[in-house]
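K.L.:
Sharing a sequence plus its predicted fold:
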Amino acid sequence: MARERPAPAGGLDAFLAGVERRALVMAEIATRSRDDALDLVQEAMLSFVDRYATHAPGEWAPLFHRVLQNRIRDWHRRRQVRNRWLVWLHDRDDEDDAPDPIQEAPDPAGRTPEDTVALGIAGEALVAAVEALPLRQQQAFLLRTWEGLDVAQTARAMGCSEGSVKTHLSRAMHALRARLEDHWQ
Amino acid sequence: MTNTRKDPLEQRIAELLDDRAARLDELTLARLGAARRRAAAHVGWAARIRRPLQTAGGLALAASVVLGLSVLLHAPKDPATQPSPDEIEALAEDDVELFEKLEFFRWLDEEGHGGESNGGSA
């Protein structure tokens, strides 16, 4: 059942203040870029207040996350198109020994391979595993498990059916357990 | 946002994410706060601008309706019933022939060639 969320005492500003950090971390996990995540959260805030500020405060959380998740999906679509162009341009160069620009691109989060190893040692491999999930599984996992939305609210935020949310969440948990079996028993 | 979770893996990941959100640097927090204030200000701006825009939109719609109706009311009823240029030309030719006939009968009268009126006895 949907968990009732009381209206924030400070109204819209208090709601945004309460959700902004988690929204940023979600966007950063999805994009692996702090700057892109900040841009997405800012756009989501503006779009949310423009379209949904007059809605009941109890509806704000799923509506805000719907806007944010749509922005994240749009960001991924643009990134996929850009990557296809990069691959196409790379193929046209016909240089077999040239490095793959995608593989050679620096980690947007600024991590080196050594950092990644260190993260695994430090237990941040759990978060890295969430980052590695396919986007829809990642969204379902974060909204349900971390943000605390129920299935219906998550479905509304993701723009899909409740059955799809359960499927994405089940696959996410399966993938996480498979990936983390060496780190998590 | 940590809730009561049964799955230890979910619980651990949520704690790590909570920690990550809590340890955001000052610059990032400042940028988030600026974005939030901009959004909050946008609420007031949207409320102020929306009503005039709605009024202007309503006026524009009403003007469009009036203009459309006036065009419809003053448009030719049915183009098919209007005389075409060929028909107008034919009518003009008919008129010329009528005047030519009138002129001919007037000449006959002046010349005394009026058939029945002049008797007919040869």
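P.N.:
That came through fine.
K.L.:
Contact residues of chain A facing chain B?
P.N.:
A:12-13, A:16-17, A:20-22, A:24-25, A:34, A:38, A:41-42, A:45-46, A:48-50, A:53, A:123-124, A:126-127, A:130, A:142, A:145-148, A:173, A:176-177, A:180, A:184 (Cβ under 8 Å from any Cβ of the partner chain). C-betas here are computed from N, CA, C, even on glycine.
K.L.:
What residue, apart from its backbone neighbours, is nearest the spatially most central residue of chain A spatially?
P.N.:
Centre of chain A computed as the mean C-alpha position; nearest residue by Cα atoms, centre = their mean is residue A:30, 3.4 Å away. Setting aside the residues directly before and after it, residue A:30 is nearest to residue A:72 in space (Cβ to Cβ, 6 or more residues apart in numbering or on different chains), at 4.7 Å.
K.L.:
And residue A:21, by the same measure?
P.N.:
residue B:21 (4.1 Å).
K.L.:
got it, and residue A:55?
P.N.:
The nearest residue in space to residue A:55 (Cβ to Cβ, 6+ apart) is residue A:63, at 6.2 Å.
K.L.:
got the buried residues for stretch B:7-17?
P.N.:
Buried residues in stretch B:7-17, counted by 16 or more other Cβ atoms under 10 Å in any protein chain shown: B:9-10, B:12-14, B:16-17.
K.L.:
Oops, could you answer that again for stretch A:11-23 instead?
P.N.:
A:12, A:15-23.
K.L.:
okay, those in TSV with pLDDT next?
P.N.:
Formatted as TSV, those follow (pLDDT from 0 to 100):
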residue	pLDDT
A:12	87
A:15	93
A:16	94
A:17	93
A:18	93
A:19	94
A:20	95
A:21	96
A:22	96
A:23	96
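K.L.:
Against residue B:35, how distant is residue A:50?
P.N.:
14 Å (Cβ to Cβ, to the nearest Å).
K.L.:
Looking at those two, which has the bigger crowd around it?
P.N.:
Counted by other Cβ atoms under 10 Å in any protein chain shown, residue A:50 and residue B:35 do not tie: residue B:35 has more neighbours, with 21 against 15.
K.L.:
Quick check: the more buried one vs chain A, distance?
P.N.:
From residue B:35 over to chain A the distance is 4 Å, taken as Cβ to the nearest Cβ, to the nearest Å.
K.L.:
Likewise for residue B:111?
P.N.:
96 Å.
K.L.:
Run a quick neighbour tally on that residue.
P.N.:
The burial count for residue B:111: 8, using other Cβ under 10 Å.
K.L.:
what pLDDT does residue A:131 get?
P.N.:
In this prediction, residue A:131 carries a pLDDT score of 91.
K.L.:
hang on, it packs against residue A:27?
P.N.:
No. Applying Cβ atoms under 8 Å as the test, residue A:131 and residue A:27 come out as separate, 11.8 Å apart.
K.L.:
Neighbour count for those two, which is higher?
P.N.:
When neighbours are counted by other Cβ under 10 Å, residue A:131 and residue A:27 differ, and residue A:27 comes out ahead with 25 against 15.
K.L.:
check which helix or strand covers residue A:55.
P.N.:
With secondary structure defined by DSSP states H and E, residue A:55 is part of neither a helix nor a strand.
K.L.:
For it, give its distance to chain B.
P.N.:
12 Å.
K.L.:
Next: residue A:175.
P.N.:
Distance from residue A:175 to chain B, by Cβ to the nearest Cβ: 12 Å.
K.L.:
who's in contact with that residue?
P.N.:
A:129, A:133, A:137 (Cβ atoms under 8 Å, 6 or more residues apart in numbering or on different chains).
K.L.:
pLDDT below threshold where in the chain?
P.N.:
Unless you meant another one, I'm taking chain A. A:1-10, A:91-123, A:182-185 (pLDDT under 70).
K.L.:
my question was about chain B
P.N.:
Chain B contains residues with pLDDT under 70 at B:1-6, B:44-54, B:75-84, B:87-97, B:113-122.
K.L.:
which residues are there in it that come within reach of chain A?
P.N.:
Residues of chain B lying near chain A (Cβ under 8 Å from any Cβ): B:1, B:3, B:5, B:7, B:9-10, B:12-14, B:16-18, B:20-22, B:24, B:28, B:31-32, B:35-40, B:42-43, B:46.
K.L.:
Okay, and which of these map to helices?
P.N.:
B:9-10, B:12-14, B:16-18, B:20-22, B:28, B:31-32, B:35-40, B:42-43, B:46 (DSSP state H).
K.L.:
Isn't residue A:168 up against residue A:135?
P.N.:
No. Residue A:168 is beyond contact range of residue A:135, at 9.6 Å (criterion: Cβ under 8 Å).
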